[in-house]
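Engineer: Below are the sequence and a predicted model for it; my questions follow.
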Amino acid sequence: MIGRIQEQKELERAYLSTDSEFVMVYGRRRVGKTYLVREFFQNRFVFSCTGVANGSREEELMNFRSDLVRQGMPNCPVLRDWMEAFTFLRTLVEQSRDKRKVIFLDELPWMYTQKSDFLKALEHFWNDWAAFQHNVVLVVCGSAASWMVKKITKSRGGLHDRITLPLKLQPFDLSEVKAFLVSQGIYWDDRTIAECYMILGGIPYYLKLLDKSLSLAQNIDRLFFASNALLKSEFENLYASLFRDSKDYVKIIEILSVKKSGFLRDEIVSKGKFKDGGSVSEKLDDLQECGFISKFPAKGLVGSIYRLADFYSLFYFQFIRNGSFGDEHYWMHLQGQPAYYTWKGLSFERLCFAHSGRIKFALGVDGVLTKLYAYCDKEVQVDMVLERNDRVVNIFEIKCTDEPYAVTEADERKFRLRRQAISRLYKKQMALSTILLSSEGVVPNAHAATVQRVLTLNDLF
């Protein structure tokens, strides 16, 4: 298994516990939740069941019964309701001779249907029996992260405060993607891996589809622009599978895709012509919980800034939705064109935000409390600002180039104006330092001396 070191440690702690454990694994679709659970437990489950996508109550119960029959209850009758289903599950678990009885319910949100009393039955199963057995490990999993949080961890009913291990699975970071690609026989240089990340993100399912015999550009054409492209309809499936009414969610993503610095909530409401601002706030929380957007402090403004964080969604809106599907080599032909470099610069900034932890480590401040944000006004735009609790503010200039970047006299003036703009945001005095994060480093010249620190793509790995 690539990465997931901390997650495996947490699962091991739950498995070795002397109490019953209620584990919730959630995260973005395709991020590898099911793979993690099945690989860690080596499929040694007393019972496992996966919900049926868009299934009715009857179909979900039929599927549950089928798994009960297959896994040790051949005489299980047709299930009338979920209370009866969990009663038979209890009997199955009690019959098991396993020392630690692991139950895995995958895609839990699919099992839940309107007026089915599924959650009530699950609550009763845990609160009335499983929690007191001291040897049960109940693992529930779902891609609809916002549903998992609302209905399970933030439940106001019988499941309130019952989760003993919430485990949110994040996409791979750059170093994990590199290790994953090597495991697939793909030995690309760091620049190519970074570009791959800026298209597919750290999503294992997408990375698994790469063909080691092809270049990155050839792979992207094969996955998105070929007549039989494997991911041509992925965008619609992605959001439709996570949200019951995905139209407004997609509209928010589309709004955020047009401006790298992001928008305030009220701006999103206005641009989307939404009638219910409260509903938009809820959808923004859902998208953030699923990892599609990020929320940052809005320095100098009231509220928070929302930015698109999902690399695949940004790539979709820039190239796939309006791309030339008549050209099966679209991405190969776009290499070196202005649109390619514009996208690359924008995506590299998102790459840096996504790896802020690595940046803090490179600066030696990973143990310092920090706030991360971007700043934009009518005169000045700052790519990234790291406000530190040790009274230091790092002002980042982010440059994505094919060669080392040469700092110019004009850059010096821009750096000075940006320091002045950021200093006005703080009532108390803060030490300001300009950090140049250049993908290929910098050319050593007199102007480069005005930068306090230089970081490169290597620091993101």
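Structural biologist: All right, it came through fine. Since we're looking at a predicted model, the values are computed, not measured. Numbers count the residues shown, from 1 in each chain.

Engineer: can you give me the strands for the stretch 151-300 of the chain?
Structural biologist: For the stretch 151-300 of the chain, the strands defined by DSSP state E, counting those that start in this stretch occupy 165-169, 263-264, 293-297.

Engineer: Let me have those in JSON lines, adding mean neighbour count as columns.
Structural biologist: Where you see a C-beta, it was placed from the backbone N, CA and C, and this is true even at glycine. Output for the strands of the stretch 151-300 of the chain, formatted as JSON lines (neighbours: other CB atoms under 10 Å):
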{"stretch": "strand 165-169", "mean neighbour count": "18"}
{"stretch": "strand 263-264", "mean neighbour count": "18"}
{"stretch": "strand 293-297", "mean neighbour count": "19"}
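
Engineer: Make CSV from these and add mean pLDDT and distance to His124 to it.
Structural biologist: Shown next, in CSV, are the strands of the stretch 151-300 of the chain (pLDDT from 0 to 100; distance: least, CB to CB, whole Å):
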stretch, mean pLDDT, distance to His124
strand 165-169, 94, 21
strand 263-264, 91, 43
strand 293-297, 89, 36
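
Engineer: how does the protein divide into domains?
Structural biologist: Using automatic domain parsing, the domain ranges for the chain come out as 5-169, 174-232+325-348, 235-314, 357-460.

Engineer: got the CA coordinates for stretch 9-22 in CSV?
Structural biologist: This file holds the C-alpha atoms of stretch 9-22, laid out as CSV (Å, rounded to 0.1, in the frame of the first residue of the first chain):
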residue,chain,number,x,y,z
LYS,A,9,-1.8,3.3,12.5
GLU,A,10,-5.3,4.6,13.5
LEU,A,11,-7.0,1.5,12.1
GLU,A,12,-4.5,-0.8,13.9
ARG,A,13,-5.2,1.1,17.2
ALA,A,14,-9.0,0.5,16.6
TYR,A,15,-8.4,-3.2,15.8
LEU,A,16,-6.2,-3.9,18.8
SER,A,17,-8.5,-2.0,21.2
THR,A,18,-10.2,-3.9,24.0
ASP,A,19,-13.5,-2.0,23.4
SER,A,20,-15.9,-2.1,20.5
GLU,A,21,-15.0,0.6,17.9
PHE,A,22,-17.2,2.6,15.5
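
Engineer: So for it, mean pLDDT?
Structural biologist: Stretch 9-22 comes out with an average pLDDT of 97.

Engineer: Stretch 62-70 now?
Structural biologist: 98.

Engineer: from the middle of its chain, how far away would that stretch be?
Structural biologist: Put simply, stretch 62-70 sits 32 Å off its chain's centre (CA atoms, centre = their mean, to the nearest Å).

Engineer: buried ones in it?
Structural biologist: Buried residues in stretch 62-70, counted by 16 or more other CB atoms under 10 Å: Asn63, Phe64, Arg65, Asp67, Leu68.

Engineer: Pick out whichever of those sits closest to Tyr341.
Structural biologist: Closest approach to Tyr341 among the buried residues of stretch 62-70 (CB to CB): Asn63, at 49.5 Å.

Engineer: which residue sits farthest out from the middle of the protein?
Structural biologist: Distance from the centre of the chain peaks at Asn75, with 42.2 Å (CA atoms, centre = their mean).

Engineer: part of a strand, is that one?
Structural biologist: No. Counting by DSSP: H, G, I helix; E, B strand; the rest coil, Asn75 is located in no strand; its state is coil.

Engineer: which of the domains of the chain has the lowest average pLDDT?
Structural biologist: Minimum mean pLDDT among the domains of the chain: domain 235-314, a mean of 89.

Engineer: Between the two ends of it, how far is it?
Structural biologist: In domain 235-314, first residue to last residue: 11 Å (CA to CA, to the nearest Å).

Engineer: And stretch 387-395, by the same measure?
Structural biologist: Start-to-end span of stretch 387-395 (CA to CA) is 9 Å.

Engineer: Go through that stretch and flag the buried ones.
Structural biologist: Quick answer for stretch 387-395 (16+ other CB under 10 Å): Glu387, Arg388, Val392, Val393, Asn394, Ile395.

Engineer: same check, this time on stretch 320-331
Structural biologist: Those would be Ile320, Gly323, Glu328, Tyr330, Trp331, for stretch 320-331 by 16+ other CB under 10 Å.

Engineer: Shouldn't the last one be within a helix?
Structural biologist: Yes. Remark: Trp331 belongs to a helix, assigned using three-state DSSP.

Engineer: Neighbours of the residue lying closest to it once chain neighbours are set aside, how many?
Structural biologist: Nearest-residue entry for Trp331: Ile220, 4.3 Å, with adjacent residues in sequence omitted and distances by CB to CB, 6 or more residues apart in numbering. By the criterion of other CB atoms under 10 Å, Ile220 has 25 neighbours.

Engineer: any idea how far Ile220 is from Phe125?
Structural biologist: Look at Ile220 and Phe125: by CB to CB, to the nearest Å, they are 46 Å apart.

Engineer: Repeat that for Trp188.
Structural biologist: Counting by CB to CB - Trp188 and Phe125 are separated by 48 Å.

Engineer: These two: who's more crowded?
Structural biologist: With neighbours defined as other CB under 10 Å, Trp188 and Phe125 compare such that Phe125 has more, 22 against 18.

Engineer: which non-adjacent residue is nearest that one?
Structural biologist: Distances taken as CB to CB, 6+ apart place Phe86 nearest to Phe125, at 4.1 Å, with adjacent residues excluded.

Engineer: Distance of Ile268 relative to Gly262?
Structural biologist: According to CB to CB, Ile268 and Gly262 sit 9 Å apart.

Engineer: shared neighbours, those two?
Structural biologist: Common contact partners of Ile268 and Gly262 (CB atoms under 8 Å, 6 or more residues apart in numbering): Leu256, Tyr306.

Engineer: So what touches stretch 243-260?
Structural biologist: For stretch 243-260, contacts defined as CB under 8 Å, 6+ apart pick out 144, 146, 239-240, 242, 262-263, 268, 271-272, 274, 279-280, 283-284, 286-287, 292-293, 306-308, 310, 313-314, 317-318, 346, 349-350.

Engineer: Thanks again, I'm all set now.
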